[in-house]
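Enquirer: Quick one: sequence and predicted model below, then my questions.
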Amino acid sequence: MNRLGQAGAAAAIVAAAGVAIVGRGLPTRSIANVAASTAQAAETGAPIYFRDPDGKPLYSLTPKQTPDGRDYRPVPAGADVSFDAPEPAVEMQAAAPKADRKIKYYRNPMGLPDTSPVPKKDSMGMDYIAVYDGDDSDDGSITLSPGKVQRTGVTSEPAERRRIRTLVRAPGTIQLDERRVSVIAMRAESYVQKVADVTTGSRVSKGQPLMEIYSPAVSSAAAEYLATITSKATAGLEPYGRGSRQRLMNLDVPEPVIAEMEKSRTVPIAIQWSSPRDGIVLQRNAIEGMRAQSGDVLFRVADVSLVWAVIDVAERDLGTIAVGQPVTVRARSYPGRAFEGRIGVIYPQLNRETRTARIRIELANADLALLPDMYVDAEIDTGSREPVVAVAESAVLDTGSRQTVLIDKGRGRFEPREVKLGRRGEGYVEIRDGLAGGEAVVTSANFLIDAESNLKAALKGFAEPAGARGADLSGDATMEAKP
């Protein structure tokens, strides 16, 4: 930095130090006198101010000591004027190789899109910054000083192979398994003689008596069947007996009742009807003494040991769902309890209004805790079964049409790289292409690095026309100089 730049920087620091001194109630001077003395100190090489030895934001224009008796550290005019911790070792290492490299152009010290092929100053008298060969490499990488990396809070972590666990959450309701519902209805005109002590909601077992029925059609078919199997002319002819028995079966007479008639050789007045399966009585319409027409439903019994959870999944999640995937269902009536099941059917139709698809999950319900029409919440694990290369979601710079990450090459050098993304979950995203396991990627402050890279690209774009213009100007000058 030249003498004028040192004086200007020193004046700025002294002004800041003066504010600190005034804030502490110390005597103040005129800013002009301070600036003049500072400029004189810059010329003679004397300290321009003193700062706290521990790096605290405490400054003094005169020698001073800390409360524990340590002297404040003098700051000469040629020292770094920033209030951050100095990095002399890094600057010396960076300056050594630059002495042997060629200067390509000079850029504006304030970051403005203005370059020059020759050294110059801006409107405030600040020197343009030299850009050397290699500082603006064509691979799009950018190099930051260790101090800037530390101040901006840049952190990196390697891309690792991990299992991406993605949960799709969707609401739904409990429904009966329609394959486990039985209806008891008469196939001929009948009269209810007696009803067992069962009501809606009662649990019944297979073969348990439900009611006694008298039906003229059933009695006539039973008498015909007994006459056929007891007649001397037809007793030994199987086709005759088979036809009569089939008629009783067509009237839905229970098999135990037919076997009892064959054994006793008598026609019962009332026929006992029993439950066809284990389950819960969902509907009881039978009343003693009532007349039931053909097709009237008298009982409805359902087996609820296995139920369905029908849930509505958003259209965007259908691509990650398949039949057989495990599902965890939680009922709002039982906080903390989970029911495990698997996807049985994905219905081939989409709801036009809600843009959702229906998924059917089979659930075991041995203790009958799940009831029909109960609200439930389902969690479908759609994550990858095998580990994949993944990085933190904060490492991805997503523009909508392009996704990139910043590769940490070490020593403050960062390289942007385009990647292809996959599944997301638990704060991580799968990298399907563009990145290998073990490569370090920036996970924080990557937007600051990206902004620095964009500024560098802009400066480079302005530098090329400026260099061309400089060459043209030098050529013109040469031509004019020729005789």
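Expert: On my side now, so go ahead.

Enquirer: out of everything not next to it in sequence, what's closest to V281?
Expert: S202 (4.8 Å; C-beta to C-beta, 6 or more residues apart in numbering). All C-beta spots, glycine's among them, are computed from the backbone N, C-alpha and C.

Enquirer: pretty sure that neighbour is touching I280, no?
Expert: Yes: at 7.3 Å, S202 counts as touching I280 under the criterion of C-beta atoms under 8 Å.

Enquirer: So which of those two has more stuff around it?
Expert: Neighbour count, other C-beta atoms under 10 Å: between S202 and I280, I280 has more, with 19 against 15.

Enquirer: quick check: mean pLDDT across the helix or strand where that one lies?
Expert: Element membership for I280, per DSSP states H and E: strand 279-284. Here strand 279-284 scores 93 as its mean pLDDT.

Enquirer: Tell me how far that strand lies from the chain's centre.
Expert: 44 Å (C-alpha atoms, centre = their mean, to the nearest Å).

Enquirer: helices or strands next to it in the packing?
Expert: In terms of contacts (3 or more C-beta pairs under 8 Å, 6 or more residues apart in numbering; DSSP states H and E), strand 279-284 is packed against strand 203-204, strand 297-302.

Enquirer: All the helices of the stretch 251-400 of the chain, in order from the start?
Expert: 255-264 (DSSP state H, counting those that start in this stretch).

Enquirer: which residues in it form strands?
Expert: 271-274, 279-284, 291-292, 297-302, 306-314, 326-331, 339-350, 356-364, 375-381, 388-392, 397-398 (DSSP state E, counting those that start in this stretch).

Enquirer: Nearest to G69 among these would be which one?
Expert: Distance to G69, taken as C-beta to C-beta, is lowest for strand 388-392 among these, at 48.2 Å.

Enquirer: Thought N108 was touching T115, still the case?
Expert: Yes: using C-beta under 8 Å, T115 makes contact with N108 at a distance of 7.1 Å.

Enquirer: any common contacting residues for those two?
Expert: Each of Y128 lies in contact with both T115 and N108 under the rule C-beta atoms under 8 Å, 6 or more residues apart in numbering.

Enquirer: More neighbours: which of those two?
Expert: T115 (24 against 17).

Enquirer: Show me the beta-bridge partners of the more buried one.
Expert: R107 (DSSP bridges).

Enquirer: how many other residues sit next to the residue nearest to A286 when sequence neighbours are not counted?
Expert: Spatially, and ignoring its direct neighbours in sequence, A286 is nearest to L298 (4.1 Å; C-beta to C-beta, 6+ apart). As a burial measure, L298 scores 22 neighbours (other C-beta under 10 Å).

Enquirer: looking at it, L298 is touching M186, isn't it?
Expert: Yes: shown here, L298 and M186 form a contact pair, counting by C-beta under 8 Å, at 6.9 Å.

Enquirer: Please enumerate the shared neighbours of the two.
Expert: In contact with both L298 and M186: A292, using C-beta under 8 Å, 6+ apart.

Enquirer: Any regions of the stretch 151-300 of the chain where pLDDT drops low?
Expert: Applying pLDDT under 70 to the stretch 151-300 of the chain flags the ranges 232-241.

Enquirer: My error: substitute the stretch 301-450 of the chain in the last question.
Expert: 384, 446-450.

Enquirer: Look up how far T200 lies from the residue nearest to A286.
Expert: Distance of L298 to T200, computed by C-beta to C-beta, to the nearest Å: 12 Å.

Enquirer: roughly how far is stretch 269-276 from the heart of the chain?
Expert: Using C-alpha atoms, centre = their mean, the offset of stretch 269-276 from its chain centre is 59 Å.

Enquirer: contacting residues for Y72?
Expert: Contacts of Y72 (C-beta under 8 Å, 6+ apart): F50, R51, D52, P53, L58, S60, P63, K64, Q65, T66.

Enquirer: Would you confirm that T228 belongs to a strand?
Expert: No: counting by DSSP: H, G, I helix; E, B strand; the rest coil, T228 is not part of a strand but helix.

Enquirer: Please name the nearest non-neighbouring residue to it.
Expert: S244 (4.6 Å).

Enquirer: before we move on, which element is the one you found in?
Expert: helix 238-250.

Enquirer: On the three-state scheme, S219 is what?
Expert: helix.

Enquirer: Name the nearest residue to it, sequence neighbours excluded.
Expert: V267 (6.0 Å).
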